[in-house]
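A.B. asks: Predicted model, plus sequence, below.
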Amino acid sequence: MKRNQIITIVTTLFMLFLCFCVVATSSFYFLVPNYKPEWAFWEKSSSSSSRSDRDRDRDEEASSDGDRDEEPASDFTGTLDGLAVTFTEDDDFGFVAVHESGEQLIAMTESFSNGVERVIGAIWISPEGETVVVYNGDDGLPERVFVGDNILVFSNYTNNTVDVSVIYPNGEIEVTREIPVDADALDELQAYNAGGRETASLDSAYIPNLAFDFRKALRITAFTLSVAGCAGAFILGGPLGLVCASAVVSGASLMLYENEALENTSVAFGAFSCGAAFVDVGSLVECVPFVLETSAALLGAAERAEASQSTSLNLAHSSLTFGGGDVQITLTWDNSADLDLWVTEPSGEKIYFSNDISDTGGELDVDDTNGYGPENIFWDDGQAPSGDYLVQVDHFSGASGANYQVLVQINGETYNFSGTISSGIDTVFTFEQ
């Protein structure tokens, strides 16, 4: 066989082999359209060739405009700064974010008939299963926090502090006032809730479509957890301390990526959120329902805790929202009886419904006659006279066998008392100021 014939045969065979490889590879990607190499979930390429022309054009435009924030680079294939996010299309939990450490952040959302949705709270779950549930109030700021068997009530926000009452499992309450909070986080939350356009990263009180405004909703959810976690950690520590230092909360609050980039991390979400802890729940389709089921169970537990601690919750909230100072005494109870709070000050003058302001400035500012309370007597800072005080509860009328709780705050210290009264007068506490 001639040399030229041999070369022709070898060349033909080689070309046939190349054609076979191309066809085989194309068929694989056609049959497995979502396939990505394993490394794409865990590494981000620094090569500019991995990015689309549109992304390069956008970055060049941003770099030429000094007034615009520079957006971090991403190849859109894995996580963003270790964070993966997925939109759930669930009315109660709009989206879930997970950090590569295993920490999860779930947005609690509220939907309206016109399709508008807004963030009303947040859930944090650690890789070890520790949880924190935060409900925001009507002002958009954290109001109630559930961590373990404890409930925290937040009130009296200033631009950089908040007062917090902690309800322990036994129903006793501890009040701590003027806890420092992140002023910038408060500004973000208040601007979001009020619909203000003062803050550059937030331009609407409500989110028309969470999938469309991922970044805003993600940041609000993170700020909710940040404020609640860091303030609560001042008293309790534990999981709240972990939330305050949380990687997923920090990453979400600093998120600068656009919506498309966030949505494209959903592939990595399944691996981080469920793959490591649950071998049999590795895919996104199975993982998201699992996370939502866990979140719904946590809200159910929070509702049961609220119901079981209703009297303490009323007392904790009232102790923060009504008059206070050097001395404050607050009463709540568990039925429709008409109970009265009496406080006799050092001069012998008694403050109660028939004498609601004393000569020294002591005041009954809440007198409940329909049951449950609260009743509240206080002296402003620097006004409480020195001497001995007597605290009593009078069963004025109505249902018998009322279980009551009294919270006494004296110069920053908190004292808890409880009892049952069917008639007459109970002496609760005597103290010296």
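C.D. replies: Everything's here; your move. All of these numbers come straight from a predicted model, not from anything done at the bench.
A.B. asks: Going by C-alpha atoms from here, please, whenever you check contacts or count neighbours.
C.D. replies: Fine.
A.B. asks: Quick one: end-to-end distance for stretch 88-107.
C.D. replies: Chord length of stretch 88-107, first to last residue, is 10 Å (Cα to Cα, to the nearest Å).
A.B. asks: My error: substitute stretch 150-160 in the last question.
C.D. replies: 24 Å.
A.B. asks: in the stretch 251-400 of the chain, which ranges drop under the pLDDT threshold?
C.D. replies: Residues of the stretch 251-400 of the chain meeting the criterion pLDDT under 70: 255-286.
A.B. asks: switch the cut-off to 50
C.D. replies: For the stretch 251-400 of the chain, the stretches with pLDDT under 50 are 259, 264-273, 275-284.
A.B. asks: Spell out the residue ranges of the helices in it.
C.D. replies: Per DSSP state H, counting those that start in this stretch, the stretch 251-400 of the chain carries helices over the ranges 259-263, 266-270, 284-308, 310-321.
A.B. asks: Now mean neighbour count and distance to residue 392 too, for the ones you listed, in TSV please.
C.D. replies: Formatted as TSV, the helices of the stretch 251-400 of the chain follow (neighbours: other Cα atoms under 10 Å; distance: least, Cα to Cα, whole Å):
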stretch	mean neighbour count	distance to residue 392
helix 259-263	18	59
helix 266-270	24	58
helix 284-308	16	25
helix 310-321	22	16
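A.B. asks: Which one of these lies nearest to residue 386?
C.D. replies: helix 310-321 (22.2 Å; Cα to Cα).
A.B. asks: The closest one to helix 284-308, inter-axis angle?
C.D. replies: 80 degrees (axes from the mean of the first three to the mean of the last three Cα atoms, to 10 degrees).
A.B. asks: and helix 310-321, what other elements does it pack with?
C.D. replies: strand 150-155, strand 161-167, strand 327-333, strand 402-410 (3 or more Cα pairs under 8 Å, 6 or more residues apart in numbering; DSSP states H and E).
A.B. asks: So which of those has the densest surroundings on average?
C.D. replies: strand 327-333 (a mean of 26; mean count of other Cα atoms under 10 Å).
A.B. asks: okay, the angle between that strand and helix 310-321?
C.D. replies: Using the same axes, to 10 degrees, strand 327-333 lies at 150 degrees relative to helix 310-321.
A.B. asks: Describe which strands strand 327-333 pairs with in its sheet and in which direction.
C.D. replies: Partners of strand 327-333 in the sheet, by DSSP bridges, are strand 375-379 (antiparallel), strand 402-410 (antiparallel).
A.B. asks: Outside of the first one itself, list whatever touches it.
C.D. replies: Meaning strand 375-379. By Cα atoms under 8 Å, 6 or more residues apart in numbering, the residues outside strand 375-379 that reach it are 319, 322-332, 340-341, 343, 351, 361-368.
A.B. asks: Counting neighbours, which bits of it end up buried?
C.D. replies: 375, 376, 377, 378, 379 (16 or more other Cα atoms under 10 Å).
A.B. asks: Report the beta-bridge partners for residue 392.
C.D. replies: residue 342, residue 427.
A.B. asks: change the start of the numbering to 53 and stick with it
C.D. replies: Renumbered: residue one is now 53, and that last one reads residue 444.
A.B. asks: Give the buried residues for stretch 181-195.
C.D. replies: Along stretch 181-195, these residues count as buried under the neighbour rule (16+ other Cα under 10 Å): 183, 184, 185, 186, 187, 188, 192, 193, 194, 195.
A.B. asks: Just the ones of the residues you listed in strands?
C.D. replies: 183, 184, 185, 186, 187, 188, 194, 195 (DSSP state E).
A.B. asks: quick one: contacts for the fourth one?
C.D. replies: Listed by Cα under 8 Å, 6+ apart, the contact partners of residue 186 are 173, 174, 175, 194, 195, 196, 197, 198, 276, 277, 280.
A.B. asks: Quick one: closest of the helices of the stretch 303-452 of the chain to residue 220.
C.D. replies: It is, among the helices of the stretch 303-452 of the chain and with distance given as Cα to Cα, helix 362-373, at 9.3 Å.
A.B. asks: mind exporting that closest one as PDB, just the C-alpha atoms?
C.D. replies: The C-alpha trace of helix 362-373 is given here as PDB (Å, rounded to 0.1, in the frame of the first residue of the first chain):
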ATOM      1  CA  SER A 362     -50.300  35.000  77.400                       C
ATOM      2  CA  THR A 363     -50.400  36.600  80.800                       C
ATOM      3  CA  SER A 364     -46.700  37.000  80.900                       C
ATOM      4  CA  LEU A 365     -46.700  38.500  77.400                       C
ATOM      5  CA  ASN A 366     -49.300  41.000  78.400                       C
ATOM      6  CA  LEU A 367     -47.200  41.900  81.500                       C
ATOM      7  CA  ALA A 368     -43.900  42.100  79.600                       C
ATOM      8  CA  HIS A 369     -45.400  44.300  76.900                       C
ATOM      9  CA  SER A 370     -47.100  46.600  79.400                       C
ATOM     10  CA  SER A 371     -44.000  47.000  81.500                       C
ATOM     11  CA  LEU A 372     -42.300  48.500  78.500                       C
ATOM     12  CA  THR A 373     -45.100  50.600  76.900                       C
END
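A.B. asks: tilt between it and strand 202-207?
C.D. replies: 30 degrees.
A.B. asks: what does helix 362-373 contact?
C.D. replies: Helix 362-373 is contacted by residues 205, 207-208, 215-219, 223-225, 358, 380, 382-386, 424-426, 428, 457-459 when judged by Cα under 8 Å, 6+ apart.
A.B. asks: Try it again at 7 Å.
C.D. replies: 205, 207, 217, 219, 223, 225, 382, 383, 384, 385, 386, 426 (Cα atoms under 7 Å, 6 or more residues apart in numbering).
A.B. asks: what do you get for stretch 142-157?
C.D. replies: 134-140, 158-163, 175-179, 262, 299-300, 321, 324-325.
A.B. asks: what's the average pLDDT for stretch 240-251?
C.D. replies: If you average the pLDDT over stretch 240-251, you get 66.
A.B. asks: need the strands paired with strand 379-385 in a markdown table with distance to residue 270, can you?
C.D. replies: Listed next are the strands paired with strand 379-385 as a markdown table, based on distance: least, Cα to Cα, whole Å:
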| stretch | distance to residue 270 |
| --- | --- |
| strand 427-431 | 40 |
| strand 454-462 | 38 |
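A.B. asks: just so I know, which of those lies nearest residue 480?
C.D. replies: For the strands paired with strand 379-385, the distance to residue 480 is smallest for strand 454-462, at 8.0 Å, taking Cα to Cα.
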